[in-house]
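Q: Just a sequence and a predicted model for now, questions to come.
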Amino acid sequence: MGRTISTIKIFLIPFLLIWAISARAQDLVLTNAAAKLCQEKNYDAAKSKIKEAMQSEMEVNHPFTWYVQGFIFKEIYKEKESLQRDSPARTRAVESLCKSIELDDKKEYAKMSRAALQYLCNSYYNDALLRTREFDMTNDSTPEFYFNQFKLLMHIVDPAKNLGVYDRDYHKAMAQRYYTLWMKDTEDNTPVNKSIQSYQFAFELDSTDCEVNFNLAIIYYNQAVFLIRKIGPETDIFEVLILQEKAVALYKRAIPFLLRCERFCPPKKEVLKGLMFTYNRLGQELKELDYKNKLEQQINSEKQ
Amino acid sequence: MTRLFKILVTSVLIMWISDSCPQNGMSEDNTVAMIKANFLYQMANHNNWPTDAKKGRFYVGVLGSQSVYDYLSQKYGTKPVGSQTMDVLNLTEIPANQFLHIIYIDKSKKSDLAKALKEYKEKTTLIVTNWEGALGQGALVNFKNIDGSVRYELNKSAMEDKKITPGIKILQWAVQ
């Protein structure tokens, strides 16, 4: 499961603002006043003042003015709207900071703007991961919106940053949620197919990820079991054979992922048990016995 | 300080949420036993027993496989076989003086086949097994593993000798 990004670094940002006011943009009277109000945590007044600055022809095209506006809205987001799903303050903060970077030909404020954007960027990533824990099949694109925002901003904050780890963790989180939804109604295959799709995406990004390999194996294995569970007194013998063929194909798909776990991941009883069960279900008794012995050895070594 | 505390708590909470996902679990259902139980039920329903065996209950005994017994009794135990009610018995040995329409002898109880053959020699009992070569040893139906699937082979003439007529569907899907 993906870790959210720590927001601790934000404590440095107010100091950057103080430094910026004292050192630069001496002529931006309204902007500087807004920044001071922001420092005093008087956000409503700061918001009014920066609005005035934005109406001033002298200040509106200055990157510092946009930076201060972005900073004020970021603080408003932090203080008042951090739990608000679609915080208007966050959107305004992002727009303003991006505009500041755009106007800042001399790169005087770019570092500060990027630091503030980094905070907002992290908040989008955290929101994306939190949404992966609550969506259902009617709103499963919601986390993607936040994740795309994160990627977009990250590209501005640090264009060279490799987002592979975030991509992998996000898709793992999506896959896990789809799996949970499938477990609530195993008759509907849409969630499980999406879970597999998400895990496959994560697998392509990192084929050595133990959790991805193990969970893909579990999904295929459990899909096989749920197919066989459908068999009952009313099932025609021909249908039994068809369902069994499908289940066998799924068991066989689980094996390579379990073997990867065995090969590349720290020893885990669940993996050995998974291989033992899967070979049993496929009637491969020698391999089942082999993994039964390995499992017993693992249990014994843990006891010692 | 309050703000620092608030943010720290939020950060820790978010990290705890994201790390507390349950690990997906593997179902422990024994699907091989499920299939075998279904096949035993299909045998009961699609084969034809002589008239004198169609009175009273339809007895199916399971020897040596708790899981086959569990699935058979739970899923099919209350279902009718023709006009009879199925009664699934969990056996620890070949019972004397207990007529069985079907007895399933698991590989773990292979050595009991001889006793079963003796006990049911004159009776219309369908002996079902699950090991290689069991048909040659006298079983009438034998479960086989074919490329991961449970299938069955049968000895049609031996069944007919016992006055058990194999059903068309049973014959159709039997492996040679």
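A: Alright, I've got the coordinates.
Q: all contacts plus neighbour counts: C-alpha atoms, from now on.
A: Noted.
Q: where does residue 80 land on pLDDT?
A: Defaulting to chain A. What the model reports as pLDDT for A:K80 is 94.
Q: Switch to chain B, please.
A: We have a pLDDT of 93 for B:P80.
Q: Give me the secondary structure label for the residue nearest to it when sequence neighbours are not counted.
A: Leaving aside its sequence neighbours, B:P80 sits nearest to B:M86 (C-alpha to C-alpha, 6 or more residues apart in numbering or on different chains; 5.9 Å). What DSSP: H, G, I helix; E, B strand; the rest coil gives for B:M86 is strand.
Q: B:M86 against B:L72, yeah?
A: No: under the criterion of C-alpha atoms under 8 Å, B:M86 is not in contact with B:L72, lying 9.9 Å apart.
Q: quick one, which of those two is more surrounded?
A: Between B:M86 and B:L72, counting by other C-alpha atoms under 10 Å in any protein chain shown, B:L72 is the more crowded of the two (27 against 23).
Q: Could I get the contacting residues of that one?
A: Residues in contact with B:L72, defined by C-alpha atoms under 8 Å, 6 or more residues apart in numbering or on different chains, are B:M34, B:A37, B:N38, B:L40, B:Y41, B:V88.
Q: Now distance to chain A, pLDDT and neighbour count too, for those, in TSV please.
A: TSV is the format used below for these (distance: C-alpha to the nearest C-alpha, whole Å; pLDDT from 0 to 100; neighbours: other C-alpha atoms under 10 Å in any protein chain shown):
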residue	distance to chain A	pLDDT	neighbour count
B:M34	7	98	23
B:A37	10	98	25
B:N38	7	98	24
B:L40	11	98	22
B:Y41	7	97	22
B:V88	15	97	23
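Q: Which two among these are spaced furthest apart?
A: B:M34 and B:V88 (14.6 Å; C-alpha to C-alpha).
Q: By proximity to chain A, which residue of chain B wins?
A: Closest residue of chain B to chain A, C-alpha to the nearest C-alpha: B:G148 (4.1 Å).
Q: Can you name the residues that contact that residue?
A: A:V248, A:R281, A:L282, A:G283, A:Q284.
Q: got a list of what the first one touches?
A: Going back to what we said before, that points to A:V248. Taking C-alpha under 8 Å, 6+ apart as the criterion, A:V248 is in contact with A:A224, A:L282, B:G148, B:S149.
Q: go on, the fourth one?
A: By C-alpha under 8 Å, 6+ apart, the contact set of A:G283 is B:N145, B:G148, B:S149.
Q: Let's have those residues in TSV, adding distance to B:F99 and secondary structure.
A: Formatted as TSV, these follow (distance: C-alpha to C-alpha, whole Å; DSSP: H, G, I helix; E, B strand; the rest coil):
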residue	distance to B:F99	secondary structure
B:N145	29	strand
B:G148	34	coil
B:S149	31	strand
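Q: Low-confidence ranges, chain A, go.
A: For chain A, the stretches with pLDDT under 70 are A:1-26.
Q: Tell me the residue of chain A that sits nearest chain B?
A: Nearest to chain B in chain A, going by C-alpha to the nearest C-alpha, is A:L282, at a distance of 4.1 Å.
Q: which SS class is the most centrally placed residue in chain B?
A: The residue lying closest to the centre of chain B (C-alpha atoms, centre = their mean) is B:A37, at 2.6 Å. Of the three states, B:A37 takes helix under three-state DSSP.
Q: Chain neighbours aside, what residue packs nearest to it?
A: Nearest residue to B:A37 in three dimensions, chain neighbours excluded: B:L72, at 4.9 Å (C-alpha to C-alpha, 6+ apart).
Q: B:G25 too?
A: A:I218 (6.9 Å).
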